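1. Quick check, what structure comes out for this input:
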Amino acid sequence: MKTILFIIQKEFKQIFRDKFLGRAIFMIPIVQMVILVYAATFELKYVNLIIVDQDKSSTSSELIYKYEHNPFFHVQIKDIPESEYEQFLKKGKADIVMVLPYKFEKDLYRNRSAKIQLLVDAVNGSAAQLSLGYCMAVVQDYNRQIAFDLSDVSGFRQASIAIQTRHWYNPYLDYKIFMAPGILVVLVTVIGWLLAGMNLVKEKELGTIEQLNVTPILKYQFLLGKMIPFLIIGLVDLAFGLVIAWLLYDIPLEGSIFTLFLFAFVYLIGVLGLGLFISTVSHTQQQVLFVSYFFMIVFILMSGLFTSVDNMPQWAQVANYLNPMAHFSKVIRMVLLKGSGISDIQRELMIMIGFGFIINSLAVWRYRKTT
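-> Here you go, the predicted model:
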C-alpha cells in the first residue's frame, strides 16, 4: 500500500508540473459546460419562411398575420413565380416556402376546405421536421379558429374535448436540461480516458518509465498508481461540472448525489482501464490520440447523447452494451432528472463493474515490465 501511495504522490506532482495537463483539467470543464451545452442542441429557434400569397384575401392575410407575430418565424412575403420557389431553397434563403393559392378564401368558406402548399428544405432532416411541425401547428390553430367561426355562423357548435398535457422531468422542454448531463459524461470520459493514456505514454517517450521498470514495483501497483490520481481528478471535475450546470442552467438534482458518484466511480475505473490498455499497446502520444479518438467518436455517436438509442437498428442497440458512455449517459439523466436510485440503475451498474474488471485485467496483462 505504501508503494502505491508513493506512486500516487509522484503522479500528482508530475501532473501539475505539466502545464498542458494542469490547464486541461480545469479548462475542459469550463469550456465544455459553457460552450457545448449551448452549441450541441437540436432546438430550432429561427425559421426563414417565405410566403407567396396568390389569393390576397382577408383570410390569407389573417393566416400570414399569425406567422408574422410568431417568434419562431422570420417571414418574408414575396410575389414570385413558381419557377423561382426552388431557387430560394437551393440558395439557403428559405427554410420553408408557403404558397397560398388562388381562391383560398373562396374554397375555405364554400367547400369548408382549402389547400396550401409547403416546400421544405429537408437537407437537415431533424431541422426540417421541427420547422414543418412549427408551421403546421400555426395552421392547425388557425384551422380551429375557422371551424369555430363557421359553426357559430351556422348556429351549431360541435362538442370538444380539452386536452391538458403535462411534461415530466423537463416541464419546459428546455434542451439544455437534456444536453448538460450528456456533456458531463463527455467531460468525465476525456479526463479519465484520454489524459490518463497520454500520461503513461509520455513517460515512454521521455524514457522515465524504464527507471520505474527496473524497480521492484509490481505491475498492478504501477497501474493503480497511474489510475488513482485521474480517478480523483475525474470525480472532482464531475463535481465542478455539476456546480457549473446548476449555476448556469439550473439543472435539477432529483436523485441521490451518492448514487451518481458511485456510478461515476465505477465508470471511471472502466474508462481509465481502457485508456491505460490503449497506452500499453502504443508507443507515442500521437498513437494514443488516434486510437482513442476513433473509439471515442463511435462511443459518443452511439451513446444517446444526441439521438435516442431506441431509434437505432437492433444490432446497434445490442452492440451498445459494450459502450460505457451509453450506460453513463442513461444513468446520469435518470439520477439528475428522474430521481432514480441504485435499484433503478442496477443493470447498468453491474455491466460497468464487469467492463471495468475485464478491461483492467487486460491492461495489467498487456503491460510489459522488465526487471
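2. Mind splitting the chain into its structural domains?
-> Following automatic domain parsing, the chain resolves into domains at 2-41+176-366, 47-154.
3. Give me whichever of the ones you listed is most buried.
-> Greatest average neighbour count among those goes to domain 2-41+176-366 (a mean of 18), per mean count of other CB atoms under 10 Å. Any C-beta I mention is one placed from the backbone N, CA and C, and that applies to glycine too.
4. ok now it, how far from the chain's centre?
-> 16 Å (CA atoms, centre = their mean, to the nearest Å).
5. Could you tell me the end-to-end distance of it?
-> Criterion CA to CA, to the nearest Å; first-to-last residue distance in domain 2-41+176-366 is 24 Å.
6. any idea which element His74 lies in?
-> In this structure, His74 sits in strand 73-77 according to DSSP states H and E.
7. partners of that strand, with directions?
-> According to DSSP bridges, strand 73-77 forms sheet pairs with strand 47-53 (parallel).
8. got the angle between whatever helix or strand comes next after the partner strand and strand 73-77?
-> With elements assigned by DSSP H and E, the helix or strand that comes after strand 47-53 is helix 58-68. Helix 58-68 and strand 73-77 meet at an angle of 140 degrees, taking axes from the mean of the first three to the mean of the last three CA atoms, to 10 degrees as the criterion.
9. what's helix 58-68 packed up against?
-> In terms of contacts (3 or more CB pairs under 8 Å, 6 or more residues apart in numbering; DSSP states H and E), helix 58-68 is packed against strand 47-53, strand 73-77, strand 96-100, helix 104-110, helix 125-154.
10. Can you find the helix or strand of this protein with the lowest average pLDDT?
-> Of all helical and strand segments in the chain, the minimum by mean pLDDT, DSSP states H and E falls on helix 208-213, at a mean of 68.
11. check which helix or strand covers Ala180.
-> Here Ala180 is assigned to helix 175-189, by DSSP H and E.
12. What lies in contact with the next helix or strand after that helix?
-> Under the assignment DSSP H and E, the closest C-terminal helix or strand after helix 175-189 is helix 196-206. With contact meaning CB atoms under 8 Å, 6 or more residues apart in numbering, helix 196-206 is reached by 11, 14-15, 18, 21, 209, 212, 226-227, 230, 272, 275-276, 278-280, 282-285, 287-289, 292.
13. pLDDT on helix 196-206, on average?
-> Averaging pLDDT along helix 196-206 yields 77.
14. Using PDB, list the CA coordinates for it.
-> Presented in PDB, the C-alpha positions along helix 196-206 are these (Å, rounded to 0.1, in the frame of the first residue of the first chain):
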ATOM      1  CA  ALA A 196      -4.500   9.000 -18.300                       C
ATOM      2  CA  GLY A 197      -3.500   7.200 -21.500                       C
ATOM      3  CA  MET A 198      -1.400  10.100 -22.700                       C
ATOM      4  CA  ASN A 199       0.300  10.500 -19.300                       C
ATOM      5  CA  LEU A 200       1.600   6.900 -19.400                       C
ATOM      6  CA  VAL A 201       2.800   7.100 -23.000                       C
ATOM      7  CA  LYS A 202       4.600  10.400 -22.200                       C
ATOM      8  CA  GLU A 203       6.800   8.500 -19.700                       C
ATOM      9  CA  LYS A 204       7.700   6.100 -22.500                       C
ATOM     10  CA  GLU A 205       8.700   9.000 -24.800                       C
ATOM     11  CA  LEU A 206      10.800  10.600 -22.100                       C
END
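15. circling back: just the contacts of helix 196-206: which are in helices?
-> Taking DSSP state H, the ones among the contacts of helix 196-206 that sit in helices are 11, 14-15, 21, 209, 212, 226-227, 230, 272, 275-276, 278-280, 285, 287-289, 292.
16. With distance to Arg166 added, can I get the domains of the chain in a markdown table?
-> Output for these, formatted as a markdown table (distance: least, CB to CB, whole Å):
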| stretch | distance to Arg166 |
| --- | --- |
| domain 2-41+176-366 | 15 |
| domain 47-154 | 18 |
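17. Of all these, which one comes closest to Trp168?
-> Smallest distance to Trp168 across those (CB to CB): 8.2 Å, for domain 2-41+176-366.
18. Show me where this protein dips below the pLDDT cut-off.
-> Along the chain, the parts satisfying pLDDT under 70 run over 21-22, 39-43, 148-165, 209-215, 368-371.
19. List phi and psi for Phe72.
-> The phi/psi pair for Phe72 (degrees, to the nearest 10) reads phi -80, psi -20.
20. OK, contacts around it?
-> Contacts of Phe72 by CB under 8 Å, 6+ apart are Leu44, Lys45, Tyr46, Val47, Tyr134.
21. if we look at stretch 7-15, which residues are touching it?
-> Residues contacting stretch 7-15 (CB under 8 Å, 6+ apart): 21-22, 25, 199, 217, 221-222, 224-226, 228-229, 233.
22. With stretch 45-65 instead?
-> 67, 72-80, 85, 88, 93-105, 108-109, 131, 134-135, 138-139, 142.
23. same deal with stretch 111-122?
-> Contacts of stretch 111-122 with the rest of the structure, by CB under 8 Å, 6+ apart, involve 85-86, 89, 92, 94-101, 104-105, 107-108, 128, 131-132, 135, 139, 150.
24. try 7 Å this time
-> When contacts are defined by CB atoms under 7 Å, 6 or more residues apart in numbering, stretch 111-122 is touched by residues 85, 89, 94-101, 104, 107-108, 128, 131-132, 135, 150.
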